[in-house]
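Participant: Generate a structure from the sequence data that follows.
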Amino acid sequence: MTLKPELPMSGEHIPRATIQQKSRISIVWLIPVVAVIIGAFLAYKAISEQGPTITITFKSAEGLQAGKTKIKYKDVEMGTVTSIELAPDLSHVLVTASLVHGTERFLKEKTRFWMVTARVAAGEVSGLGTLLSGAYIGMDPVLEGDRSREFTGLEIPPAITTNEPGGQYLLRSTSLGSLDIGSPVYYRKFRVGQVVSQELDSDGNEVNIKIFVHAAFQHLIRQNTRFWNAGGIDVKVGTDGLQVNTESLVSLLIGGIAFDTPSNLEAGTVAQEGQSFPLFASKDKAFEKTYVEVGYWLLYFNDSVRGLKPGAPVEFRGIQMGKVVDVKLEMDLDNADIRIPVLIEIERERLVPQEQLASLGERGTDITKVLVQKGLRAQLQSANLLTGQLKVELDFFPNAPAAEISTHGSYRVFPTVPAPLDEITTSITQVLQKLEKLPLEQIGKDLQATIQNAEKLTGSPELLESIRSLKVALAELEQTTISLNQNVTPSLQDTLLQSQKTLKAAETVFQNASPLEQQLGELLKEMQAASRSIRGFADYLERHPEALLKGK
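Facilitator: Predicted coordinates for the structure are as follows:
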C-alpha cells in the first residue's frame with residue numbers, strides 16, 4: 001500500500017525559494033590584468049633605466065663594430081656602439097652609441113671622444129691591450145657647460161684629460177722644429193709637463209704651442225721665465241774644451257721644451273694659467289740680454305759678400321755689437337755704378353748704459369765722428385772657414401784713408417775698408433805687374449851664357465892638370481908633417497925638461513943672497529914664462545905641424 005504525502009491545509013505554511021544573483025566578472029579575468037600591470041612596470045623600469053643615445057662623427061670607422069665596441073672612461077664601460085653609418089656626403093661616418101643610465105650629466109659640449117688603438121707617439125707606447133680585446137672609444141667627460149648629444153671625435157688622443165690637475169700655457173715661436181703633441185717639458189732636466197696642442201696663428205707668421213704643466217710645478221713658471229727648444233744636441237767649444245749638452249735622450253729623438261728663471265734677476269710673480277711666453281731657439285738665446293735701443297747704419301762694400309746673410313754678427317774685437325739686417329744690390333743712377341749696401345743694426349746699450357742714452361743726445365753722433373777720424377771702420381771678415389760665412393768687423397785702422405760719416409736716405413753711411421783677402425790679392429797683383437816689367441828674356445839669355453862658360457871652364461885640360469898638381473903637393477905636405485911629429489917634437493920636449501932642471505938648481509944655490517936672490521927670482525920668472533911659451537909652441541906644432549911650412 002502506497003502512502004500519499006499529506007499537503008498542508010493552507011498556503012501560509014508553504015516555504016518560498018530564495019533567488020541569488022551571481023557576479024558577472026569571473027576571477028579568470030584577473031590574470032591578464034595583473035600581467036598588463038607587470039608588463040607596464042617592467043617597460044617603465046626599462047625606459048627609466050635606459051641611458052642617453054649619442055652620435056659621434058669620425059673620419060673612419062676602422063676597428064669599430066656595432067654591438068661590440070665599447071665606450072670607456074678609466075677602463076669602466078660607459079656604453080656600447082649600436083650602429084655605424086656613412087654620412088650622406090660620404091665624408092665621414094656616424095657612430096651611434098647607447099650610454100648607461102646616469103651619464104647624462106657628463107654629456108656637455110666640451111666632452112671628448114676618440115678611438116683607442118695601439119699607438120706609438122712622443123716616445124710612449126699606448127693601447128697595447130687593444131691588440132687582443134679590440135679597439136674601443138675613449139671618453140673624457142666634462143661636468144660644466146651646455147648639454148649635447150652630438151660630438152666630433154678626435155683623430156689624435158688628447159695628451160691630458162680634463163680632470164688632470166695642472167695648467168696650460170701658450171708659447172709663441174717662428175718654427176715648430178721637432179716638437180709634437182706629447183713632447184716633454186723639462187725644468188732643470190726634470191719632466192714636469194708636455195705639449196698638448198700646436199697650430200699656426202691666423203697670420204701664419206708664428207706657431208702657437210700649448211703646453212701643460214702639472215700642478216705641483218706651476219709655481220716654477222713666473223713672469224720672467226724663459227722657455228727654449230730643448231730638442232737636439234747643444235755643442236760648445238770653449239777654453240775649457242768641448243761641451244755637449246742635451247736635456248734627455250727622449251728630447252734628442254722627439255724634441256722637447258725646457259724652461260728656467262734667470263738667477264740674476266728678481267723672481268717675478270707666479271704666471272697666470274694661459275699666459276703667453278716666447279719660445280727661443282736655444283738656451284743661450286733665451287738668456288741672452290735683450291737691448292731696446294738700437295741704431296741702423298748703412299755700409300757699402302766693393303768686396304764680394306758671398307756668405308754674408310741677414311743675422312750675421314757685427315763684432316768689435318770679438319764682442320758682438322749687433323747683427324746684419326739686410327743685404328741687397330743697388331744701382332747708383334747718378335754715377336752709373338752698382339753697389340752692395342749692407343744694413344746693420346747696432347745695439348747701442350752695449351756701449352752706453354740705457355740710463356745715459358737719453359741724456360747723450362747729439363753727443364753720440366759727435367763721438368762717432370771722432371771714432372771715425374781715429375780710424376774706426378767696418379770690414380768684412382771670415383766667421384767660419386769651413387762654411388764660408390762672413391761677418392762684419394768693427395775695428396780701428398790707423399792707416400785707412402780719411403773718411404766721414406754721410407747719409408743715404410734715412411740711414412747714416414759708415415765708412416768701410418777692403419777685406420784682408422782683397423788686400424792680399426791686390427798686393428799679389430802689384431807684384432805680378434812688377435814681374436811683368438822685368439827683362440826676363442834678357443836675364444835668361446845672360447844666365448844661359450854664364451852656365452855655358454862654367455861648363456867650358458870645368459872641362460878644360462888646364463884645370464884638370466892644376467887639380468892633379470895640387471893633389472901631389474898635398475901628399476908631400478902630409479909626409480913632411482909625419483916626419484916633424486916623429487923627430488922635432490920629442491927633441492923640443494927633452495930640451496924643455498932640461499931647462500927646468502937647470503933653473504931649479506940655480507934657484508937653490510942663490511936663494512940666500514938678497515940682491516942676487518931678487519935678480520935671480522925675476523930671471524927665474526922670465527925663464528918660466530919662456531918655458532911655458534916654448535911648451536905652448538911645442539903643443540901647437542904637435543897639433544898643427546903644417547904651420548912650419550905655411551906659418552901660423
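Participant: Helices of the chain, start to end?
Facilitator: 30-49, 130-133, 249-254, 283-287, 354-360, 363-373, 420-437, 440-458, 461-509, 514-543, 547-550 (DSSP state H).
Participant: which residues touch the second one?
Facilitator: What that stands for is helix 130-133. With CB atoms under 8 Å, 6 or more residues apart in numbering as the test, helix 130-133 has contacts from 63, 116-118, 136. (Each C-beta comes from the backbone N, C-alpha and C, glycine too.)
Participant: What subset of those residues is buried?
Facilitator: 116-117, 136 (16 or more other CB atoms under 10 Å).
Participant: Test my guess that Ile346 contacts Leu299.
Facilitator: No - shown here, Ile346 and Leu299 do not form a contact pair, counting by CB atoms under 8 Å, at 11.0 Å.
Participant: tell me the domain ranges of the chain?
Facilitator: Structurally, the chain divides into domains by automatic domain parsing as follows: 49-152, 166-287, 294-427, 461-550.
Participant: Which of these has the lowest mean pLDDT?
Facilitator: Ranked by mean pLDDT, the domains of the chain bottom out at domain 461-550, which scores a mean of 63.
Participant: what is the residue nearest to Phe259 when sequence neighbours are not counted paired to in the beta sheet?
Facilitator: Leaving out its chain neighbours, the residue that sits closest to Phe259 by CB to CB, 6 or more residues apart in numbering is Phe227, at 4.5 Å. Phe227 has the following beta-bridge partners by DSSP bridges: Phe259, Leu279.
Participant: residue contacts, Phe227?
Facilitator: Residues in contact with Phe227 (CB under 8 Å, 6+ apart) are 171, 257-259, 277-280, 286.
Participant: What is the neighbour count of the closest residue to Pro398 other than its chain neighbours?
Facilitator: Once flanking residues are discounted, Pro398 sits nearest to Gly375: 4.8 Å by CB to CB, 6+ apart. Neighbours of Gly375 under the rule other CB atoms under 10 Å: 17.
Participant: returning to what we had before: list just the nearest of the contacts of Phe227 to Arg149.
Facilitator: Closest approach between the contacts of Phe227 and Arg149, by CB to CB: Leu171, at 35.6 Å.
Participant: which residues touch the closest one?
Facilitator: Contact analysis of Leu171 by CB under 8 Å, 6+ apart lists 208-211, 227, 257, 276-279.
Participant: Could you rerun that using 7 Å?
Facilitator: Contacts for Leu171 were tallied using CB atoms under 7 Å, 6 or more residues apart in numbering; they are 209, 211, 227, 277, 279.
Participant: could you measure Val305 against Thr407, distance?
Facilitator: Going from Val305 to Thr407 by CB to CB, to the nearest Å gives 22 Å.
Participant: Who has more neighbours out of these two?
Facilitator: Val305 (18 against 9).
Participant: my read: the more buried one touches Asp326, true?
Facilitator: No - between Val305 and Asp326 there is no contact under CB atoms under 7 Å: 11.5 Å.
Participant: tell me the contacts of Pro158?
Facilitator: Applying CB under 7 Å, 6+ apart to Pro158 gives the contacts 112, 140.
Participant: now swap in Ala87 and tell me
Facilitator: 93-94.
Participant: picking that back up, possible to save the contacts of Leu171 as TSV with distance to Gly67?
Facilitator: Shown next, in TSV, are the contacts of Leu171 (distance: CB to CB, whole Å):
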residue	distance to Gly67
Ile209	41
Ile211	40
Phe227	48
Phe277	49
Leu279	47
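Participant: Most neighbours among these, which one is it?
Facilitator: Ile211 (28 neighbours).
Participant: Tell me the bridge partners for that residue.
Facilitator: Ile211 has these beta-bridge partners by DSSP bridges: Tyr169, Val195.
Participant: Distance check, it against Gln198.
Facilitator: Noted for Ile211: a distance of 10 Å to Gln198, by CB to CB.
Participant: cool, Thr161 as well?
Facilitator: As judged by CB to CB, Thr161 and Gln198 stand 19 Å apart.
Participant: In terms of packing, which of these two has more residues around it?
Facilitator: Shown here are Thr161 and Gln198; by other CB under 10 Å, Gln198 has more neighbours (17 against 14).
Participant: residues in contact with the more buried one?
Facilitator: By CB under 7 Å, 6+ apart, the residues touching Gln198 are 176, 179, 181, 207, 209.
Participant: Go again with 10 Å.
Facilitator: Listed by CB atoms under 10 Å, 6 or more residues apart in numbering, the contact set of Gln198 reads 171, 173, 176, 179-181, 183, 207-211.
Participant: same deal with Ile346?
Facilitator: 291, 293-297, 314, 316, 321-323, 368, 394, 414.
Participant: Check Asp337 too.
Facilitator: Going by CB under 10 Å, 6+ apart, Asp337 touches 330-331.
Participant: same question, Thr69
Facilitator: The neighbourhood of Thr69, defined by CB under 10 Å, 6+ apart, consists of 61, 63, 79-82, 84, 95, 97, 115, 134-137.
Participant: With Ala61 instead?
Facilitator: Residues counted as contacts of Ala61 (CB under 10 Å, 6+ apart) are 69, 81, 84-86, 92-95, 115, 135.
Participant: what's it sitting at in phi/psi?
Facilitator: Dihedral angles of Ala61 (phi, psi; degrees, to the nearest 10) stand at phi -100, psi 30.
Participant: gap between it and Phe151?
Facilitator: Distance of Ala61 to Phe151, computed by CB to CB: 15 Å.
Participant: pretty sure Arg191 contacts Pro184?
Facilitator: Yes - at 5.0 Å, Arg191 counts as touching Pro184 under the criterion of CB atoms under 10 Å.
Participant: Between the two, point out the one with more neighbours.
Facilitator: For Arg191 and Pro184, the more surrounded residue by other CB under 10 Å is Pro184, and the numbers stand at 23 against 16.
Participant: about what we covered before: closest to Val142 among the contacts of helix 130-133?
Facilitator: The nearest member of those to Val142, counting by CB to CB, is Val116 at 18.4 Å.
Participant: pretty sure the closest one is touching Ile137, no?
Facilitator: Yes - using CB under 10 Å, Val116 makes contact with Ile137 at a distance of 7.0 Å.
Participant: hey, what's in contact with both of these two?
Facilitator: 63, 72.
Participant: hang on, Phe301 packs against Ala378?
Facilitator: Yes - with contacts defined as CB under 10 Å, Phe301 counts as touching Ala378 at a distance of 8.4 Å.
Participant: anything in contact with each of these two?
Facilitator: By CB under 10 Å, 6+ apart, the residues touching both Phe301 and Ala378 are 342, 392, 416-417.
Participant: Quick one: buried ones out of these?
Facilitator: Taking 16+ other CB under 10 Å as the criterion, what is buried in those is 342, 392, 416-417.
Participant: returning to what we had before: what touches both of Val305 and Asp326?
Facilitator: Val342.
Participant: For Arg468, grab the count of nearby residues.
Facilitator: Arg468 is flanked by 9 other residues according to other CB under 10 Å.
Participant: can you check the one 3 residues further on too?
Facilitator: Counted with other CB under 10 Å, residues neighbouring Lys471 total 9.
Participant: Alright, I will stop here.
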